[in-house]
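A.B. asks: Got a predicted structure plus its sequence, pasted below:
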Amino acid sequence: MTPAEILEALTEVRDPEIPVLNIVEMGLVRDVRLEGETVHVDITPTYTGCPAMRTIEAAIVETLRARGFQQVVVHKVFREPWTTDWMTDEAREKLRAYGIAPPPPRADEAPDLIPLPFTVAQSGPAVPCPFCGSEQTRQTSAFGATACKALFFCEACRQPFEYFKAI
Amino acid sequence: MNLETLDAALRPALFEYLLCLGDDALILGHRLSEWCGHGPYLEEDIALANLALDCLGHAEALLTLAGEVEGKGRTADDLAFLRDAYDFRNVQLVELPRGDFAFTITRQFLFATYACLLYEALQQSAFEPLAGIAAKALKEMRYHLRHSSEWMRCLGDGTEESHRRAQTALDELWMYTGELFEVDDTLRTLIEARIAPDMAALQPKWREQVEAVLREATLTVPEDPPYMATGGRRGHHTEHLGHLLAEMQFLQRAYPGAQW
């Protein structure tokens, strides 16, 4: 198999917390190399403390072993640090359909990374509700059940929803 | 430079330095995790747990790197769970008991302001693996800074009780902030090698940022005490660290090599 084919195989590895997404379209896989009989896969963590990374590492090894590779080495790399900008448009659409508001493109003044001085009021563009599309939404918590998400509430359809934070 | 091209003479100093940074994150993460299930309300309980998780992530990355620099095969788990208090290199600020909510938030605010400046500077470290971790940790620390800064305003410019608790916390914590900016021989070696930033040079910036938020929070900046706590970087800790480690390390000590 070529590195490109290995990358294709890795689309079978899904995010354990958000199973509609695979690790390739999330931008987690940074490089795939073949050195003799050994496959080297470089992945970068979404958040340093993300507990799903271990599951993902194990799934990568399992997936490639099933394709016939005996030697699979997964490297965790921090350069460049992962950014939601690496998520494909398809991935964002899958998130929305799943009920999670996707991250906006991370501009130079990313709304979630506000430079000092801060303001107490929520700044940045409105986050549209993934269920009804309304922009009458408000943040109820900057942190959610997983490190990557925040909690929101839609005033229009009265449903809470999660938002994948831009980082 | 990376692990292969690192000058052997720098290894001991770099190992110590990575313990300093990793232990700060590990011990702070542990204190934050103590709030799990005890937060003032659900969203804040979740927030504190997330902050703790970030800190533990930084600790794992930094202590793993420390073990690789030491070159004796010690993993992050070995370093976290099998060292005694006098081998820990965290500042005393992070090992203090969590206190009330105002104390935890004030400590987080003071530390996060420092950590953002530190990681921002460390992105330029000549030691590439550390620069990579710093770039990642900075993004997460900025959320900590935003969260704790907003809380400082809420508490300081809040009710009489919240203001009193926040001011009390600030007054108690101030004497532990000097240690964040100490420069000893180990650090001096690394500053010369352009691996670590000059912490003393960052202190005025830290002061400026902290005072700006405290002003908005209507809190009084404490006077510098005649004595700033010191010793954490040399393994001299308060009586609190021993108790913390007894709890944190119990399982690995009682069942060595336990896995699940």
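C.D. replies: Perfect, I can see it now.

A.B. asks: Not counting sequence-adjacent ones, nearest residue to B:G22?
C.D. replies: Sequence neighbours aside, B:L62 is the residue nearest to B:G22 in space, at 3.5 Å (criterion: CB to CB, 6 or more residues apart in numbering or on different chains). For glycine as for every other residue, the C-beta is placed from the backbone atoms N, C-alpha and C.

A.B. asks: where's that neighbour, which helix or strand?
C.D. replies: In this structure, B:L62 sits in helix B:42-70 according to DSSP states H and E.

A.B. asks: Give me the mean pLDDT for that helix.
C.D. replies: In this model, helix B:42-70 has an average pLDDT of 95.

A.B. asks: Can you tell me how far B:R89 is from chain A?
C.D. replies: 20 Å (CB to the nearest CB, to the nearest Å).

A.B. asks: Can you get me a residue count around that residue?
C.D. replies: For B:R89, the neighbour count with other CB atoms under 10 Å in any protein chain shown is 24.

A.B. asks: Please verify my assumption that it contacts B:G235.
C.D. replies: Yes: counting by CB atoms under 8 Å, B:R89 does reach B:G235; the two are 6.8 Å apart.

A.B. asks: so how far is chain B from the residue of chain A most remote from its centre?
C.D. replies: If you look at how far each residue of chain A sits from its centre, by CA atoms, centre = their mean, the farthest one is A:G36, at 31.1 Å. Separation of A:G36 from chain B (CB to the nearest CB): 20 Å.

A.B. asks: what's the lowest-mean-pLDDT helix or strand in chain A packed up against?
C.D. replies: Every helix and strand of chain A was ranked by mean pLDDT, DSSP states H and E. The lowest is strand A:137-141, at a mean of 87. Secondary-structure packing of strand A:137-141 (3 or more CB pairs under 8 Å, 6 or more residues apart in numbering or on different chains; DSSP states H and E): strand A:149-154, strand A:160-164, helix B:42-70.

A.B. asks: Please repeat the previous calculation with a cut-off of 6 Å.
C.D. replies: Applying 3 or more CB pairs under 6 Å, 6 or more residues apart in numbering or on different chains; DSSP states H and E, one finds that strand A:137-141 contacts strand A:149-154.

A.B. asks: hang on, isn't B:A115 packed against B:M141?
C.D. replies: Yes: B:A115 is within contact range of B:M141, at 4.8 Å (criterion: CB atoms under 6 Å).

A.B. asks: list the buried ones in stretch A:70-81?
C.D. replies: Neighbour-count burial for stretch A:70-81, counted by 16 or more other CB atoms under 10 Å in any protein chain shown, picks out A:V72, A:V74, A:F78, A:P81.

A.B. asks: scratch that, stretch A:26-35 is what I was asking about
C.D. replies: A:M26, A:G27, A:L28, A:V29, A:R30, A:V32.

A.B. asks: same question, stretch B:78-91
C.D. replies: Across stretch B:78-91, burial judged by 16+ other CB under 10 Å covers B:L79, B:A80, B:F81, B:R83, B:A85, B:F88, B:R89, B:N90, B:V91.

A.B. asks: Which members of those are the farthest-apart pair?
C.D. replies: B:F81 and B:V91 (20.3 Å; CB to CB).

A.B. asks: Could you pick out the longest helix of chain A?
C.D. replies: Counting residues, the longest helix in chain A under DSSP state H turns out to be helix A:52-66.

A.B. asks: Done for today, thanks.
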